[in-house]
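Colleague: Output the structure for:
(chains A and B)
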There are 2 protein chains.
Amino acid sequence: MKFLLVNAGQLVTMTGPSGPRTGAEMGKVGMFRGGSVLVGDGKILAAGLSDFVATHPDADKARILDIGGRVVMPGFVDSHAHPVFAEPRLKDFELRTRGKGYEDIAKAGGGILSSVDKVRGAGDPQLLDNLLRAAARFIECGTTTLEAKSGYGLDVENELKLLRTIQRASKVTALELVPTFLGAHALPAEFKGDPHGYLRRVCEEMLPAVAKEGLAKFADVFCDRGYFSEPQAEQVLRAALDHGLKPKIHAEQLSRSGGAAVAAKVGAVSADHLDHAEPDDLAKLKAANVIAALVPAANYFLGLGRYPSGRKLIDAGLAVALATDFNPGTSPCWNMQFVLSLACTQLGMTPEEALCAATINGAHALGLGATHGSIEPGKQADLIVLDMEDYREACYWFGGNQVSMVMKRGGIVHSDREYRA
Amino acid sequence: MKFLLVNAGQLVTMTGPSGPRTGAEMGKVGMFRGGSVLVGDGKILAAGLSDFVATHPDADKARILDIGGRVVMPGFVDSHAHPVFAEPRLKDFELRTRGKGYEDIAKAGGGILSSVDKVRGAGDPQLLDNLLRAAARFIECGTTTLEAKSGYGLDVENELKLLRTIQRASKVTALELVPTFLGAHALPAEFKGDPHGYLRRVCEEMLPAVAKEGLAKFADVFCDRGYFSEPQAEQVLRAALDHGLKPKIHAEQLSRSGGAAVAAKVGAVSADHLDHAEPDDLAKLKAANVIAALVPAANYFLGLGRYPSGRKLIDAGLAVALATDFNPGTSPCWNMQFVLSLACTQLGMTPEEALCAATINGAHALGLGATHGSIEPGKQADLIVLDMEDYREACYWFGGNQVSMVMKRGGIVHSDREYRA
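Modeller: Residues are numbered from 1 along each chain as shown, chains lettered A, B, ... in the order given. Presented below is the predicted three-dimensional model:
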């Protein structure tokens, strides 16, 4: 099936250099007024000014979709999410609204370990159903590719259960899921006081099993006060590399814990959060070409009143990606449009930088920059139509959903109206 | 047409005392597990446990809607909004993302007066079309009643144009619009340096014209530094009372400006914003039974990093309402669900308090407490179905829309699936 999208009021292509975008390149969106896109066999065949696209030999074989002057841009690539869990953490949430802090919530049996308990007690169908429900919401809101971390199992059986759920869901949902093994998310209760014992389990049992079944592309570790230390994080990520998994890291979220330095040392694809990163950390990340993935929705939800500075990171020359951090404890948000809003209102980023971070740089943060994240001939046809005239409106209106149509691998997977000429 | 909604997993009725809810009453949502609602002739006929509702004589004449275990609650009543404008203020927004402040934006021709210029240049069809587009978005997100302020006209002709647009829209959209005359929104350019001259125009020409055509239920004034002073606000609101319009006021938003005291003196229905209200102001508002309407989405959008304290206001005994403040300059947000999230994550309010503030207290802030804002026999049948099992999820998930069905005056005006038994 071929489609010719015509009459895009603004076509935001995100074309540019082949690597992750940094500096002034993050401010360029490659926009055409009055654009067309020709799609076939799941790929972009041509994109740009309508008169130019119409000259493509396949243009007259395509079914025409009239975009009606709306905005077309690449689907969002959300590079940091924990979307497989058993249930929302409403109790933690409610305690927080009653003024309780982290300690009180942990004492009341909340936090990551409560999600681990629920996942261990949950059957495969429940986890799959939850993930597919979430996937439908992501798609409706314009996300076409989503990272999916494990990390609520914390033993061999349950980490595999989560990753197999992701694999199974991938066969059903149109949302492209990129699996990440996060066995080192927290220390499970049965290893209390014995992080070394647990990490031996992670490195010697879980990682080989995950690699053997081909269940993950990335491995991640939560490097922070109360979680895993700098040397422990390095141990896990080096073991991951030995098993062919690419490293990612939760770094400098709760405190300056050395995660950024580890990311640079092991050559991580991305260092995520970075709330407490210092100039020295940024220099190391830049030198090692590590992408900075910011997840401000968690700061919002926890009411921290402070956010990682997107502005400073971009000015330091880093390639910044934006992600939801979708998870039941600290970021129950599946809408990348809201993350765009946060970037522009709280992180000091311009609309152009935010859109770049949510598409092409997100793709690079998942090792997919060559095939995803921009509308260019040869790339996968993942794109969205937004019900607006100006692409900046994607960052301006907030708290709602303005995605009108979603195309994944060249097929229409969501639409709020008829797009037929 | 009669409907019997059955199989609500949780039916949140918001039943309670007849007046605005304060203190512990704000924490009660009147919830039934396994509830039904019987609706007929636009009104609620019965609501509560299914077995009880089934005994109503009209129950077997009604068409059954199976809610499938989801949550049913009153439609949101959004008591503070400026939804009639000509275009979004993208330029102001973009300047702000580039670090420019209020002064720079004003110098670049932005701010309220730029919206006034656009409205004066806009034709009726454009304004009507914009308002109807916004109304559709409000409805989709669960708002069934919305205040609609004028205030971007600032002369007789254009203030009437805005209010007539609201009146015209009311005949088309299912969203109930409650019109408020806000002639004293800012000093128009042609009266620069002459606030008295402008207020004479407001009181002696606009108010009589608005009253004569029956175009507004309320009158509002922006009492703040750079806008209108305490005595000026009082002058406008007393004149409004003389013309049968009930007073509302933008109070203590940018500075402690005396608006709360004016609200108490003139017996305003609500005092809105209240970021800088002091304990003394709260005592005055409480003594005069003025509702505190909080609009935190504006704080969010402006990146202020601080919010009005819902907690303090409730603890001071005030009836708190929540609203979007939907407007093109400081709050381009139509989704009350996001305001619920702000209330719980940034304002120190519990989910129950937030829901109360967004429904029954919102209704009271529009003088509609006797007929709107709760699911009780005799009240207008304005209710929503949320795609969740627990009503607290309405405050927990954020940045998206979880409204699955909207019923206004007993008719289904939005639905994302078939609700047929």
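
Colleague: number of nearby residues for residue A:171?
Modeller: For residue A:171, the neighbour count with other CB atoms under 10 Å in any protein chain shown is 6. For every residue, glycine as well, the C-beta is placed using N, CA and C.

Colleague: Please report the distance of it from residue A:386.
Modeller: Counting by CB to CB, to the nearest Å, the gap from residue A:171 to residue A:386 is 29 Å.

Colleague: and the helix-or-strand element of chain A with minimal mean pLDDT, how far from the chain's centre?
Modeller: The helix or strand of chain A with the poorest confidence is helix A:102-107; it has a mean of 85 (mean pLDDT, DSSP states H and E). Distance of helix A:102-107 from the chain centroid (CA atoms, centre = their mean, to the nearest Å) equals 28 Å.

Colleague: likewise stretch A:261-275?
Modeller: A distance of 16 Å separates the centroid of the chain from that of stretch A:261-275, by CA atoms, centre = their mean.

Colleague: quick one: that stretch near chain B?
Modeller: No: Stretch A:261-275 is not in contact with chain B by CB under 8 Å from any CB of the partner chain; minimum separation 14.9 Å.

Colleague: Okay, buried residues for that stretch please.
Modeller: Within stretch A:261-275, the residues scored as buried using 16 or more other CB atoms under 10 Å in any protein chain shown are A:261-266, A:268-275.

Colleague: of the residues you listed, closest to residue A:112?
Modeller: Comparing the buried residues of stretch A:261-275 against residue A:112 with CB to CB places residue A:273 closest, at 14.7 Å.

Colleague: now that closest one, which residues is it bridged with?
Modeller: residue A:251 (DSSP bridges).

Colleague: Go ahead and confirm it touches residue A:253.
Modeller: Yes: Residue A:273 lies in contact with residue A:253 (CB atoms under 8 Å); the separation is 3.7 Å.

Colleague: ok, which residues in the stretch 251-400 of chain A are in contact with chain B?
Modeller: So far as CB under 8 Å from any CB goes, the stretch 251-400 of chain A lies against chain B at A:297, A:300-303, A:305-306, A:332-335, A:337-339, A:341, A:344-346, A:348-351, A:390, A:392-393, A:395-400.

Colleague: Disregarding residues adjacent in the polypeptide, which is nearest to residue A:347?
Modeller: Spatial nearest neighbour of residue A:347, chain neighbours left out: residue A:310 (3.5 Å); criterion: CB to CB, 6 or more residues apart in numbering or on different chains.

Colleague: Give me the phi and psi for that neighbour.
Modeller: Residue A:310 adopts backbone torsions of phi -60, psi -40, taken as degrees, to the nearest 10.

Colleague: What score does it have for pLDDT?
Modeller: On the pLDDT scale, residue A:310 is placed at 97.

Colleague: cool, and residue A:155?
Modeller: pLDDT for residue A:155: 98.

Colleague: now swap in residue A:421 and tell me
Modeller: Residue A:421 carries a pLDDT value of 53.

Colleague: and the residue nearest to residue A:347, how many residues sit next to it?
Modeller: Residues within reach of residue A:310, counting by other CB under 10 Å, total 27.

Colleague: same question, residue A:317
Modeller: Around residue A:317 there are 13 residues (other CB under 10 Å).

Colleague: Residue A:381 versus the residue nearest to it when sequence neighbours are not counted, what's the distance?
Modeller: With CB to CB, 6+ apart as the criterion, residue A:317 has its nearest non-adjacent residue at 5.0 Å, and that residue is residue A:286. Taking CB to CB as the measure, residue A:286 falls 33 Å from residue A:381.

Colleague: who's more crowded, these two?
Modeller: residue A:381 (25 against 17).
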